[in-house]
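Enquirer: output the structure for:
(one chain, ligands or ions: 1)
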Amino acid sequence: MTIKVGIAGRRGLNYWLGFQSDPRFRVEAFCELDEAVLQEDAAKFGIPRSYRIYEDMLQSDLDAIVVATPMQLHVSQTIAALDAGKHVLCEVTAGVAMDELWWLQESVERSGKVYMMSENACYFPENQIIAGMVRDGLFGEAYFGEGEYLHDIRHLGRLPGGKPSWRSYWQLGKRGAFYPTHSLGPLMKWFEGDAVRSVSTFGSGWHAAPEYRQEDTTLTVCRLESGKLIKLRIDCLSPRPKNAYYSLQGTKGCYEAPRGLGDTHKIWLEGMDASAEQANWRPLSDYMHYLPERYRLATEEQKSAGHWGSDFFIVHDFIQAITAGTKPEIDVYDACEWTAVALLSELSAMNGGKEMTMPKFRKGMPRAEQIIRI
Ligand SMILES: NC(=O)c1ccc[n+]([C@@H]2O[C@H](COP(=O)([O-])OP(=O)(O)OC[C@H]3O[C@@H](n4cnc5c(N)ncnc54)[C@H](O)[C@@H]3O)[C@@H](O)[C@H]2O)c1
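Expert: From the prediction side, this is the model:
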């Protein structure tokens, strides 16, 4: 029996290849509010059914939906799909308000359907290599990590005609680290089994783009349940080249991503050099054997799916969760916790960097715990 998929939002077409390459799945429907995009892309990808109205698409006999519309629509569209008996692969972030996250996890539990958040940074090849090295203990015990998302998207705050876009409200119109999952996600995978216990955020003020409510740069410290630390810098407003930076420190070594201008992914592990004074970086490429086999065997077409093949392997894992009943790689509890870092960081930034306690997102979370105290 073919599992029929509907994609909402043009960005979701990045996942088309992943579904089409599995004979059990078929992208059957495409939904886009923009009529011109709808017609052009449905034809380009050979998708038989097209819809402008999301609810109309849900009424059809689809089995799974990709939600790749603006952030503020994610939760309402996901819940509608789950209630219609469909599995959901949803873009980042999971939602834009704490209440939405309670609704989301309850809806996923009630539906019994698969929900996965498509945080593609977890799937970047280098982040996968580091995950494997962490698992094998090469860094010893990891206790500190950094994630930075530096991407000047001021221009995306306006539509071509000059009116504000959704991003000017829901991404750039909020205080705090409102787009943290690209930075946090891979680190949480490296700290597998741990969880965020608290969030504290400071903003740099309004210098580069005072027309937006978001501060230029935010620094967020996440303390984990274990006491370990993650530091995030999110900046979508400062004029500068784009960079997604990560680092990891453990008891036996460390990793740093490139910062640009010929810099490269690099590691240092204890025993590589005679003394700490002589310690020299080694290229991460020496450890390519830690890249998962499916990446090493990936075809050029698979790699072309977007973000160095990440968008292909995300679908692969979503398909596994549907067909084999495995835990989704980024399940609703991960999605809620990682997204809540944004929402708590907003409250923290507005309260002088106050440390905000993270709720423990888990199955059957009691209502009494669904309270955020300042
Ligand atoms: N993972 C990543 O690397 C990554 C990159 C870019 C965007 N995103 C996420 O993807 C989502 C979309 O971002 P974008 O950059 O494509 O935004 P965009 O504004 O460029 O495109 C959004 C599209 O959704 C359509 N749309 C809006 N409301 C709709 C509705 N109700 N039904 C159907 N279509 C609707 C719009 O017509 C538009 O074409 C966001 O959640 C964003 O955070 C993720």
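Enquirer: need the residues of this protein near the ligand, please.
Expert: Neighbours of the ligand within the chain, by Cβ under 6 Å from any ligand atom: 8-11, 31-34, 37, 54, 68-71, 73, 91-92, 120, 165. Every residue, glycine included, has its C-beta placed from N, CA and C.
Enquirer: just the residues you listed: which are in strands?
Expert: 8, 31 (DSSP state E).
Enquirer: can you select the buried ones from the residues of the chain next to the ligand in ChimeraX?
Expert: Applying 16 or more other Cβ atoms under 10 Å to these, the buried members can be selected in ChimeraX as follows:
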select :8,9,10,11,31,32,54,68,69,70,71,73,91,92,120,165
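Enquirer: Three-state assignment for V221, please.
Expert: strand (DSSP: H, G, I helix; E, B strand; the rest coil).
Enquirer: tell me the confidence at the residue lying closest to it once chain neighbours are set aside?
Expert: Leaving aside its sequence neighbours, V221 sits nearest to S200 (Cβ to Cβ, 6 or more residues apart in numbering; 4.8 Å). On the pLDDT scale, S200 is placed at 98.
Enquirer: same deal with I79?
Expert: For I79, pLDDT reads 98.
Enquirer: gap between it and K113?
Expert: Applying Cβ to Cβ, to the nearest Å, the value for I79 to K113 is 11 Å.
Enquirer: in the stretch 251-374 of the chain, which spans are strands?
Expert: Counting by DSSP state E, counting those that start in this stretch, the stretch 251-374 of the chain has strands at residues 253-256, 266-269, 282-283, 356-357.
Enquirer: what would these look like in JSON lines with mean neighbour count?
Expert: Shown next, in JSON lines, are the strands of the stretch 251-374 of the chain (neighbours: other Cβ atoms under 10 Å):
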{"stretch": "strand 253-256", "mean neighbour count": "22"}
{"stretch": "strand 266-269", "mean neighbour count": "18"}
{"stretch": "strand 282-283", "mean neighbour count": "13"}
{"stretch": "strand 356-357", "mean neighbour count": "18"}
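Enquirer: how about the contacts made by R296?
Expert: Contacts for R296 (Cβ atoms under 8 Å, 6 or more residues apart in numbering) come out as M288.
Enquirer: picking that back up, how far is whichever strand or helix holds the residue nearest to V221 from where the chain is centred?
Expert: Assigned by DSSP states H and E, S200 belongs to strand 196-203. Here strand 196-203 is found 18 Å from its chain centre; the criterion is Cα atoms, centre = their mean, to the nearest Å.
Enquirer: can you list the strands that it pairs with?
Expert: strand 218-224 (antiparallel), strand 356-357 (antiparallel) (DSSP bridges).
Enquirer: who touches the first one?
Expert: So the one you mean is strand 218-224. Residues contacting strand 218-224 (Cβ under 8 Å, 6+ apart): 176-177, 180, 184, 191, 194-204, 229-235, 341, 345, 348-349, 355.
Enquirer: so for that strand, what's the average pLDDT?
Expert: 98.
Enquirer: hmm, what's the outermost residue in the chain?
Expert: For the chain, the C-alpha farthest from the mean C-alpha position belongs to A274; by Cα atoms, centre = their mean, that distance is 39.5 Å.
Enquirer: just give me the longest helix of the protein.
Expert: If you go by DSSP state H, the chain has its longest helix at helix 332-350.
Enquirer: return the residues in contact with the most centrally placed residue in the chain.
Expert: What sits nearest the mean C-alpha location of the chain, by Cα atoms, centre = their mean, is E119, with 2.7 Å. E119 sits next to 92, 181-182, 185, 330, 335, 338 when contact means Cβ under 8 Å, 6+ apart.
Enquirer: doesn't C122 make contact with I330?
Expert: Yes - under the criterion of Cβ atoms under 8 Å, I330 makes contact with C122 at 6.6 Å.
Enquirer: joint contacts of those two?
Expert: G185.
Enquirer: which one's more surrounded, I79 and K113?
Expert: K113 (22 against 19; other Cβ atoms under 10 Å).
Enquirer: could you find the closest non-adjacent residue to the more buried one?
Expert: Closest to K113 by Cβ to Cβ, 6+ apart is H87, at 4.8 Å.
Enquirer: burial check on the one you found, number of neighbours?
Expert: H87: 23 neighbours (other Cβ under 10 Å).
Enquirer: my read is that it contacts V114, right?
Expert: Yes - applying Cβ under 8 Å as the test, H87 and V114 come out as touching, 4.1 Å apart.
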